[in-house]
Each structure stands twice: as C-alpha cells, then as structure tokens.
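> I would like the atomic coordinates for the input below:
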Amino acid sequence: MTTMTSENLTLRGGVARFAQLVLSTPDADGWREFLVEGPSGTGKSMGILVVLDRLCWIYRKLQILVLRKVAKDCADSVKMTLEERVFELYQGGIHPAKTARNASRKFRNDYEYPNGSRMVFGGLNNKEQLKSTEWDIVYFNEATEGEIGDWEYCINRARGNMKDPAIPYPFCIADCNPDVPYHWLNRRPEEADEDAPGRTKMLRLKSLHKDNPAITDRYIKNLRAMTGARRKRLYEGLWVASEGMVYEHFDHSRHVVDTLPRVFAWYFAAKDFGFNDPGCLQVWGVLDGTMTLVAEVYQTGKDIDWWAQVSADLWHEFRISFGVADPSRPDLIKLLNKKLARLNRPGIWHKGNNKILAGLDLVRGGLGQEKLGPPRIKFYRHALRLGKDPELDARGKPTCTVEELPAYRYPTESDTRPVDEKPDPLCDDQGCDTLRYAAGAFWGKELERMRTTRKYAPGTFGDAFGHAEFEESLQ
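Numbering: from 1, shown residues only. Have a look, this model is predicted:
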C-alpha cells in the first residue's frame, strides 16, 4: 500500500500516490490530469484537499480553483470537508485561511493564505465569473456530474501565470465514485496521449475503503446492504450499468467478441435514421442461429446521399440479403432505395417491426442468461467503421451500440424501481433501436419473405420504389 504523511495525517492508496507525485516528484512525473476514483467513503475528497492545502503553503500566490457542476453544491460537500476536517488538522484547529474573513461557509467562496495563495470555489454553471483568473490547479469534485466539455474547460483554465508561474507544473485533478462503464471519465484514463507516446491522457488512481482508517463499521454495513448497481459502484467501486437496465443480462465479457468466424452463412442489415441525433447502420452476420454485429456506422450530421453510399459500400462488401429500417420513416426508406438504384445497387431496405415490447423481448432472448448457454446475439469488438463520431466523443456520448447498452434503462421514480415497460425516452437509443429492428427481422415472421428473390430485379426502379410491397398492400 502506498502511504504518505502530510503534517499530522497519513494518506494512503491513490491519494497518497497523488500526493507523492505533486509534492515530491519533479514536474509531477509529467502528468497533468489525475483521477482519484473509488467507492463511497474512502476519503478521496479529504485527501485531495489535504494535498491542495499543503501546496498552498509551499508555493506563494498559488491559485487553486475547486469546482462542482453546480456552485451551491460546494457548501454542503467539499467546502464543509475543507473547513471541518482539513483545517481542523492545523495547529489548534485555527487555520489562517478560514479566519481571514468573517463570513459563513454558505457565503464564502475563497480562502486566502498569508503567502498570497488562494483556494476559490465555484460551479461550472457560472463559468463567466471564473474566466478572469489564471488558475494553477483545478480540482473537479464529483466529476461524473460533468461532461467532457466541462473537463476540457478545466484543462484550459489550468495554465498558470505564464510570466511568473507559481508552480512549475499546472494540473487538473478529478475525483468520483464509479458510474456507467462508457462514461467519459472512465474512458479518458485509457485514451492514448498523442503528445506523450506510451502514456495515457489521465492517470487513474484508485482509492479503497481500507485507505480510510476513519471509516466506521456501520458505514461499511450500510454500503454492503445496498443492491444492484448502487452496491457495485458505492461499495465495490465498479463501473457498472444503471439500475433499471433494459438488457440486464448484457455482459461485455460474454457478448463482445474479439474474433469472427472465417465465413458467415449470410448477412442482413438494420438502420435507424438520424441527423442531429446519430444515424446508425448495422450489418449482422448469421451462422448457426446466431447473429453477430460485424460492421456498424454510427454518425451525426450525415444526409441521405451519404447513407446511400455507405449502404452501397457495405452491400458490395457483404452482399447483404436485405435491410430493415425505422418504419416510422417510410419516406426515407423509399428515398434510400431510390438512391441505391442510382448507384446500381439493390434497394435492400424494408420497413422494420416497431412493436417495441416484442422487440425488447427478442433482444433479451438473444442475449440470454449465462446459465442458459452461449448468447445468440454477439458484437464484434472492432465492428465500428469510419471511427468514432468526433462530436459525440467530445460530448462523452455513446459512439456505438455497445456503449449505449449499459445505460439503456427504464425511467424510474427512484434509483431502483422501474415505472414503465418501455425504455426511458431520454436514453441514447439509436443503436438499441437498430438492434431491436434487427432482432425483429431475424426472429420475425417476415424473414423468409425478405430473403426470397425479389419480384423486381435488384437495381431496377421497380425494386428501388418498392413496387412489390405496394402491389401486396393492394391485395
């Protein structure tokens, strides 16, 4: 276990490693972004504040900005920890920064040290008030509340005084309890730093319950009594999916595969339309009753001509038997088939089945429970084509179907009780809707009809405009 003594407090675990880097290691070993993560009650915030307080004494005129997503949340959380726990470690419990001004914690936003250093508290909901100062260190408390844009704001603000730097290595630090697996804060420590080969953008430091000697047995017992995702996050310290998860049996280790069979029996496609929200096109390979996602395009801001070209390219690569698309947009389905005809490709697209509850059940059945045997729906790890959509990635949004699944959930009145049979409309669901259309086609009644030879030859206008389907509707 890493330990470090700061004044009359011994730091342990991830916080101790952070202290070691910024207090004792030249240039913080080159790191400029830190994440201290762990379950509830490990002493993350207090340990970080102890280190920041120490830095304020070491460096003259140091400017530290401490942030929450909303400014008012500081008073009852991180400011209270600073005043009632960190400052109490000072000689006699009388800390000069606390007594410098006669103001209550609710109205106090900054703490001034005798050497000119300052620790200022604020919220990302009021960024304009924070722009005038050049900050040396930015601490984002409970950073899972924010988006990647908020963190980038922190990075941009932590640049120090260029003419007379107070500290030789400005940096940002965040802390959090784990959240959903695809959260930007969980992904960032895994992303390569283009400016530092062999290093990631952020250093992940883990804090455990054993690192906090002040934690009580009762507190641990309360955490252990939690259920579902809250227990896994707040007691076990795991990044897991939300409560009320629609596909609760989705397991990355079971359903995401690194290799594909040498050949599939046949292929089909599914599509959800989108422009401001992402559009999604999936290609599924079929073998022995199992459907595997072999290719996916997940992009915003693309028009129908672009999607037609993508459809044509994927048809040429996989010889797709048919495709099913969002049935609420028959106009776009016809237009897409028309565009394909002009590219000398078959009009493969049909209306998908939009019976939501039935579709959810089909996907659940395909994912299956581990005790019932291998899943019949799988996802190829490298299925995403054309790379991650940069806008979605920058906003910390899902960039493919697999990233949507852990957060695809039912609306809830509380953290644990679903209140509706249909998924929360606020969820990112373009990939999940496309998956539902695919499952509805693969296990639906219309499969053989869509796979049979078309009345109108592929590439003809009769095929492109769906004349066969229209004629059937008149019968």
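
> Could you list the low-pLDDT ranges of this protein?
For the chain, applying pLDDT under 70 flags the ranges 1-9, 75-76, 92-93, 98-107, 129-132, 370-371, 412-420, 449, 452-475.

> just so I have it, where are all the strands in the stretch 201-350 of the chain?
Secondary structure of the stretch 201-350 of the chain, counting by DSSP state E, counting those that start in this stretch: strands at 203-206, 256-257, 266-272, 279-287, 290-299, 323-325, 349-351.

> Give me whichever of those strands is most buried.
Comparing those by mean neighbour count (mean count of other C-beta atoms under 10 Å), strand 323-325 comes out on top with a mean of 28. For glycine as for every other residue, the C-beta is placed from the backbone atoms N, C-alpha and C.

> for the stretch 301-450 of the chain, what spans make up the helices?
Under the criterion DSSP state H, counting those that start in this stretch, the stretch 301-450 of the chain contains helices at 304-318, 330-342, 356-367, 390-394, 401-404, 430-442, 447-451.

> Give the buried residues for the second one.
Taking 16 or more other C-beta atoms under 10 Å as the neighbour-count basis, helix 330-342 is seen to contain the buried residues 332, 333, 334, 335, 336, 337, 338, 339, 340, 341.

> most packed of the helices of the stretch 301-450 of the chain?
Most buried among the helices of the stretch 301-450 of the chain, given mean count of other C-beta under 10 Å as the contact rule, is helix 430-442, at a mean of 26.

> Ok, which of the helices of the stretch 301-450 of the chain comes nearest residue 183?
In terms of C-beta to C-beta, the element of the helices of the stretch 301-450 of the chain nearest to residue 183 is helix 401-404, at 9.8 Å.

> roughly how far is the closest one from the heart of the chain?
Remark: helix 401-404 is offset 10 Å from the chain centroid, using C-alpha atoms, centre = their mean, to the nearest Å.

> for stretch 361-373, same thing?
Here stretch 361-373 is found 25 Å from its chain centre; the criterion is C-alpha atoms, centre = their mean.

> what does it contact?
Contacts to stretch 361-373, defined as C-beta atoms under 8 Å, 6 or more residues apart in numbering, come from residues 247, 249-251, 254-255, 291, 374-377, 435-436, 439-440, 442-444.

> That one: end-to-end distance?
One end of stretch 361-373 sits 17 Å from the other (C-alpha to C-alpha, to the nearest Å).

> Over to stretch 338-348?
Terminal residues of stretch 338-348 lie 10 Å apart, using C-alpha to C-alpha.

> when you give positions from now on, start the count at 17
With the count now opening at 17, the last piece we talked about shows up as stretch 354-364.

> Run the chain-centre distance for it.
Distance of stretch 354-364 from the chain centroid (C-alpha atoms, centre = their mean) equals 36 Å.

> Next: stretch 363-370.
Computed by C-alpha atoms, centre = their mean, the chain-centroid distance of stretch 363-370 equals 30 Å.

> again with stretch 56-75
Taking mean C-alpha positions (C-alpha atoms, centre = their mean), stretch 56-75 and its chain are 27 Å apart.

> Pick out the residue nearest the middle of the protein.
Centroid check for the chain by C-alpha atoms, centre = their mean gives residue 199 as the closest residue, at 2.2 Å.

> that older thread, put together TSV for the strands of the stretch 217-366 of the chain, with distance to residue 324 on each row.
Shown next, in TSV, are the strands of the stretch 217-366 of the chain (distance: least, C-beta to C-beta, whole Å):
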stretch	distance to residue 324
strand 219-222	43
strand 272-273	29
strand 282-288	11
strand 295-303	11
strand 306-315	12
strand 339-341	12
strand 365-367	10
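
> wait, residue 285 sits on residue 300?
Yes - shown here, residue 285 and residue 300 form a contact pair, counting by C-beta atoms under 8 Å, at 7.1 Å.

> re the thing from before, quick one: closest of the helices of the stretch 317-466 of the chain to residue 37.
helix 406-410 (27.6 Å).

> Counting by contacts, list what that closest one packs against.
helix 164-173 (3 or more C-beta pairs under 8 Å, 6 or more residues apart in numbering; DSSP states H and E).

> ok so, going back, the strands of the stretch 217-366 of the chain: which one's closest to residue 374?
If we rank these by C-beta to C-beta, the stretch that ends up nearest is strand 339-341, at 14.1 Å.

> What pairs with that closest one, parallel or antiparallel?
Paired with strand 339-341 in the same sheet, following DSSP bridges, are strand 282-288 (parallel), strand 365-367 (parallel).

> Other residues contacting the longest one?
Think strand 282-288. Against strand 282-288 from outside (C-beta under 8 Å, 6+ apart): 295-302, 310, 323, 327, 330, 334-342, 352, 364-365, 368, 446-447, 449-451, 453-454, 457-458, 466-467.

> circling back to that earlier point, for the buried residues of helix 346-358, give me JSON lines that also has distance to residue 259.
Shown next, in JSON lines, are the buried residues of helix 346-358 (distance: C-beta to C-beta, whole Å):
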{"residue": "348", "distance to residue 259": "35"}
{"residue": "349", "distance to residue 259": "36"}
{"residue": "350", "distance to residue 259": "41"}
{"residue": "351", "distance to residue 259": "40"}
{"residue": "352", "distance to residue 259": "38"}
{"residue": "353", "distance to residue 259": "41"}
{"residue": "354", "distance to residue 259": "45"}
{"residue": "355", "distance to residue 259": "43"}
{"residue": "356", "distance to residue 259": "42"}
{"residue": "357", "distance to residue 259": "47"}
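
> thinking again about what came up before, will you turn the strands paired with strand 339-341 into JSON lines that also has distance to residue 34?
What follows is the strands paired with strand 339-341, written out as JSON lines (distance: least, C-beta to C-beta, whole Å):
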{"stretch": "strand 282-288", "distance to residue 34": "43"}
{"stretch": "strand 365-367", "distance to residue 34": "53"}
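
> Nearest to residue 423, out of these?
Comparing these under C-beta to C-beta, the one sitting nearest is strand 282-288, at 16.8 Å.

> show me the contacts for residue 79.
133, 134, 136, 149, 150, 151, 152, 153, 176, 177, 182.

> now do 7 Å
Shown in contact with residue 79 (C-beta atoms under 7 Å, 6 or more residues apart in numbering): 134, 149, 150, 151, 152, 182.

> what number of residues lie near the fifth one?
In other words, residue 152. 26 (other C-beta atoms under 10 Å).

> Pretty sure it sits against residue 173.
No - judged on C-beta atoms under 7 Å, residue 152 makes no contact with residue 173 at a distance of 9.9 Å.

> Between these two, which contacts overlap?
What both residue 152 and residue 173 touch, as defined by C-beta under 7 Å, 6+ apart, is an empty set.

> got the CA coordinates for stretch 198-208 in CSV?
The C-alpha trace of stretch 198-208 is given here as CSV (Å, rounded to 0.1, in the frame of the first residue of the first chain):
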residue,chain,number,x,y,z
TYR,A,198,-18.9,4.1,-21.1
HIS,A,199,-18.7,7.4,-19.1
TRP,A,200,-16.1,9.7,-20.5
LEU,A,201,-14.3,9.8,-17.1
ASN,A,202,-13.8,6.0,-17.2
ARG,A,203,-12.6,6.1,-20.8
ARG,A,204,-10.2,9.0,-20.6
PRO,A,205,-7.5,7.2,-18.5
GLU,A,206,-7.5,4.6,-21.3
GLU,A,207,-7.0,7.0,-24.1
ALA,A,208,-3.5,7.5,-25.6
